[in-house]
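Peer 1: Sequence below, structure please.
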Amino acid sequence: MRKIIIIFKFIFLMLIVQSTMATDEPLEITAEKMEWDKVSEKAVAIGNAIAVKGDKTLMAERIIANLDKKDNKQISSLRAIGRVVFLREGEKITSREALYDIEKEMITLVGNVNFLKE
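Peer 2: Model prediction:
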């Protein structure tokens with residue numbers, strides 16, 4: 001029974017956060033330090049990294065922005081690592097890691113996921 005409840009909670013969380021950051025609004029990423037890896041086409045925000053798009057915010061110790069292979073000017077996904085916090089419309093979800101696929105409009109949170117609705 002406990003396994004069913006955990007699976008239900010996971011599915012519920014996935015439905016809640018799906019499509020939460022995909023809008024036409026600009027994506028802004030800030031951090032204490034930024035690094036660019038041209039070979040792997042990744043930008044890394046290190047130290048109090050924050051990604052904001054509209055009223056949605058993703059915070060972590062580190063956020064890696066992966067560029068689209070077809071269009072190097074577009075970010076295809078974000079990977080947040082370490083003390084991840086996702087905020088939107090009175091909701092707060094925390095975890096150890098998160099992967100936001102911009103094309104699929106889905107964020108996946110893993111590792112000690114907690115959901116709080118204010």
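Peer 1: From here on, just use CA atoms for contacts and neighbour counts.
Peer 2: OK.
Peer 1: quick one: the helices in the protein?
Peer 2: Per DSSP state H, the chain carries helices over the ranges 2-17.
Peer 1: For the top strand by length along it, which strands pair with it and how are they oriented?
Peer 2: When the chain is parsed with DSSP state E, its longest strand is strand 75-88. According to DSSP bridges, strand 75-88 has the following sheet partners: strand 56-67 (antiparallel), strand 91-101 (antiparallel).
Peer 1: tell me the mean pLDDT for it?
Peer 2: When pLDDT is averaged along strand 75-88, the result is 94.
Peer 1: is it possible to export the strands paired with strand 75-88 to TSV including distance to residue 48, mean pLDDT and mean neighbour count?
Peer 2: TSV is the format used below for the strands paired with strand 75-88 (distance: least, Cα to Cα, whole Å; pLDDT from 0 to 100; neighbours: other Cα atoms under 10 Å):
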stretch	distance to residue 48	mean pLDDT	mean neighbour count
strand 56-67	5	94	22
strand 91-101	14	94	20
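Peer 1: Can you check which of those gets nearest to residue 34?
Peer 2: Closest to residue 34 of the strands paired with strand 75-88, according to Cα to Cα: strand 56-67, at 9.6 Å.
Peer 1: CA atoms only for the closest one - export them in PDB, please.
Peer 2: What follows is strand 56-67, C-alpha atoms only, in PDB (Å, rounded to 0.1, in the frame of the first residue of the first chain):
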ATOM      1  CA  LYS A  56       8.100  30.400 -12.100                       C
ATOM      2  CA  THR A  57      11.500  30.200 -10.300                       C
ATOM      3  CA  LEU A  58      14.000  27.400 -10.200                       C
ATOM      4  CA  MET A  59      16.800  27.700  -7.600                       C
ATOM      5  CA  ALA A  60      19.800  25.500  -6.900                       C
ATOM      6  CA  GLU A  61      23.500  25.400  -6.000                       C
ATOM      7  CA  ARG A  62      24.200  24.800  -9.700                       C
ATOM      8  CA  ILE A  63      22.100  25.200 -12.900                       C
ATOM      9  CA  ILE A  64      23.400  23.800 -16.200                       C
ATOM     10  CA  ALA A  65      21.800  25.200 -19.300                       C
ATOM     11  CA  ASN A  66      22.000  23.000 -22.400                       C
ATOM     12  CA  LEU A  67      21.800  24.600 -25.800                       C
END
